[in-house]
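[1] Need a 3D model of the sequence below.
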Amino acid sequence: MKEKLTLVYPRCEDVIRTKRLSALLEEVLEPYEVEKIETVDALHPLQNQRIIFAIPLGISGINLEYFRFLKKMRIDPTFFDGSVGGIIIDGESELYTKSVARGLMFTANKGGCSFPGRAMVEGTKDLLNYNIQAMRLDAGNLTAYHVSAKEMVKRVMAHQQMPKKRGNILVLHASNYSTSNTALLWDMVKEQLQYCDITEISLRNGTIQDCSGCPYRMCMHFSEKSSCYYGGVITKEVYPAILACNAMVILAPNYNDALSANITAFINRLTALFRTNQFYQKYLFSIVVSGYSGGDIVAEQLISALSMNKTFRLPPRFSMVETANDPSSILKVAGITERASAFAQGMMDVLVEKKQNE
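    This next block holds a predicted model:
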């Protein structure tokens, strides 16, 4: 009996522009029993399902039916509860595919959808993004595109939660605890966590040097030792803690609608460890606090850098996104205690075995 899968495929009226994506889907989804949803009127809450979102963008990066889908998804905060998803984006330019994908992943995740690591496959105009994979496969770029999609769908279908008797959580931050609303919010969450061992590492005050782009062979040499040429806190503390943990929490205050310099440097330096250690079995969480707005932009940067790229899995509602400007003002935000408690419970739901977490 074929496994069931739901294909969310916003209709594009120009059949010629969807030809490449349609051919890919026909091949990749052939082993499954597929329910296809092509119009917003047919879109309904998709709970406890395996879902592939396939979005044809054309040259403009705009699919009008997709935006109708997106509106419907964002209105219902439980739209995807219990579901697991993957995303295929196909466009006719070198632009827009990833920005659309990470926005979609953020929205679906807020609605309760989990994503395995590398749950996004994109096809740009000339498929130049598959040059390396094609070389490794000794095949053309189109074949590499199809192979990547097949592997991603298999990860979606096989994805399961991996709770343990105790969660092992690594928290990375570059915050000044005396003034940081993000750190204060994490303390509120941490107080509610049970059956979890927590390691916190600061990346402040010149303790981290950014990646300078070593030659591949040099990077691999150090990677094989779970190390990096530039050493420091990254190799002495962060790398061992990542290998030991089953969840990583990034405290990410919104600086100019971007991750802070030290958090960005950490992500860049993570490449050396990633070359020989992938992170499909590790969860990513984040706490993002903005002084004004734009927290979703920062959360989406974490999605693309650490889940789409570095293979961390996204649990449902992986990021707590809040707004607070003045020091300690997060404590006065309406409903913040309840939301912090709910976020902590969501962490425990995926990290800790149910009999412990009752």
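[2] For this protein, which segments are assigned as helices?
    Using DSSP state H, the helices of the chain run over 19-28, 64-75, 97-110, 131-137, 141-158, 181-190, 216-223, 233, 239-244, 261-274, 295-302, 336-351.
[3] Return the set of buried residues in the fifth one.
    Counting neighbours by 16 or more other CB atoms under 10 Å, one finds that the buried residues in helix 141-158 are 141, 144-150, 152-153, 155-157. From N, CA and C alone the C-beta is placed, and that goes for glycine too.
[4] Check stretch 342-358 too.
    Counting neighbours by 16+ other CB under 10 Å, the buried set in stretch 342-358 is 343-344, 346-348, 350-352, 356-357.
[5] on that earlier part again, hey, least reliable of the helices of the chain by pLDDT?
    Ranked by mean pLDDT, these bottom out at helix 216-223, with a mean of 53.
[6] give the contact list for the closest residue to residue 147 other than its chain neighbours.
    Of all residues not flanking residue 147 in the chain, residue 137 sits nearest, at 6.4 Å (CB to CB, 6 or more residues apart in numbering). With contact taken as CB atoms under 8 Å, 6 or more residues apart in numbering, residue 137 is in contact with 143-144, 147.
[7] same check, this time on residue 177
    Residue 177 neighbours (CB under 8 Å, 6+ apart): residue 183.
[8] where's it relative to residue 245, distance?
    Distance, residue 177 to residue 245, using CB to CB, to the nearest Å: 21 Å.
[9] Ok, residue 117 next?
    15 Å.
[10] Residue 59 - how many residues pack around it?
    12 (other CB atoms under 10 Å).
[11] For it, give me phi and psi.
    Here is the backbone geometry of residue 59 (degrees, to the nearest 10): phi -80, psi -20.
[12] Tell me the confidence at the residue lying closest to it once chain neighbours are set aside?
    Leaving aside its chain neighbours, residue 59 sits nearest to residue 92 (4.2 Å; criterion: CB to CB, 6+ apart). Residue 92 is assigned a pLDDT of 92 by the prediction.
[13] which of the contacts of residue 137 lies closest to residue 3?
    Proximity of those to residue 3 (CB to CB) peaks at residue 147, which lies at 19.6 Å.
[14] Verify the contact between the closest one and residue 133 for me.
    Yes - here residue 147 reaches residue 133: they are 7.2 Å apart, a contact under CB atoms under 8 Å.
[15] sorry, back to before: give me every residue that touches the residue nearest to residue 59.
    17, 57-59, 125.
[16] same thing but 10 Å
    17, 20, 56-61, 123-126 (CB atoms under 10 Å, 6 or more residues apart in numbering).
[17] Relative to residue 125, how far out is it?
    Taking CB to CB, one finds residue 92 at 5 Å from residue 125.
[18] check contacts around residue 125.
    Residue 125 neighbours (CB under 10 Å, 6+ apart): 59, 90-95, 97.
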